[in-house]
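J.: give the three-dimensional model of this entry:
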Amino acid sequence: MELKDKTVAESKVETFHIIMPADMNDSGRLFGGALMNWIDEVAGLVGRRHAQMNVTTGSVDNLRFLRGAYLRDMVVVSGKVTHVGNKSMEVKVETFVEQSDGKRDLINRAYLTMVGIDENDRPARLPRLILETEEDKKEWGRAEVRRQIRRKQREEGFHFYDEDD
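T.: Sure thing, here's the model as predicted:
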């Protein structure tokens, strides 16, 4: 199957959740593990839409909890591709609490490395990312910086998936 290069917009995903009692921790806030599950799910959907194949999570970095979310809050989890290498891509996932007037307050931001997987469960070549807007180009540049940081950390003994692996 021939893979089609895609724009950032073509792979964007948003999911919506109402925080229910089962999503709460002992402090009366959204359980971090539930949010991490939603983040990974959105990143996987973004990755599949871009890659046009199955993907797996290679790493999660810069997972930042900026503020809490509470019972009955509406949570929006929004993801997009920011960078594509040969076999891996970076997906930025932002989480918001949406107010009844539509205003969104950022509560979390994370960057995940997703790896394209072929029919033999091996890393596969990914379609290129078409950068259409100035914001797309800025995100790509910031992703390049994060990629260099991950490489430096790997040299110092940390290991992150990278398409050179």
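
J.: from now on I want contacts and neighbour counts done on CA atoms only, so please keep to that.
T.: Noted.

J.: just confirm Ala43 is within a helix.
T.: Yes: using DSSP: H, G, I helix; E, B strand; the rest coil, the assignment for Ala43 is a helix.

J.: next, count neighbours for Ser27.
T.: Residues near Ser27, counting by other CA atoms under 10 Å, number 8.

J.: check what pLDDT it gets.
T.: With respect to pLDDT, Ser27 scores 93.

J.: one more: Asp5?
T.: Predicted confidence (pLDDT) for Asp5: 96.

J.: need the outlier residue of the protein, farthest from its centre.
T.: When distances are taken from the C-alpha mean of the chain, Asp26 lies farthest, 27.0 Å away, according to CA atoms, centre = their mean.

J.: format the CA atom coordinates belonging to the lengthiest strand in the chain as CSV.
T.: Using DSSP state E to define each element, the chain has its longest strand at strand 104-117. The C-alpha trace of strand 104-117 is given here as CSV (Å, rounded to 0.1, in the frame of the first residue of the first chain):
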residue,chain,number,x,y,z
ARG,A,104,-10.7,26.0,27.6
ASP,A,105,-8.2,26.0,30.5
LEU,A,106,-5.0,24.0,29.8
ILE,A,107,-4.4,21.4,32.5
ASN,A,108,-1.8,19.1,30.9
ARG,A,109,0.6,18.9,28.1
ALA,A,110,2.6,15.8,27.0
TYR,A,111,4.8,14.8,24.1
LEU,A,112,4.7,11.1,23.0
THR,A,113,6.9,9.3,20.5
MET,A,114,4.7,7.0,18.4
VAL,A,115,6.2,4.2,16.2
GLY,A,116,4.7,2.9,13.0
ILE,A,117,4.2,-0.8,13.0
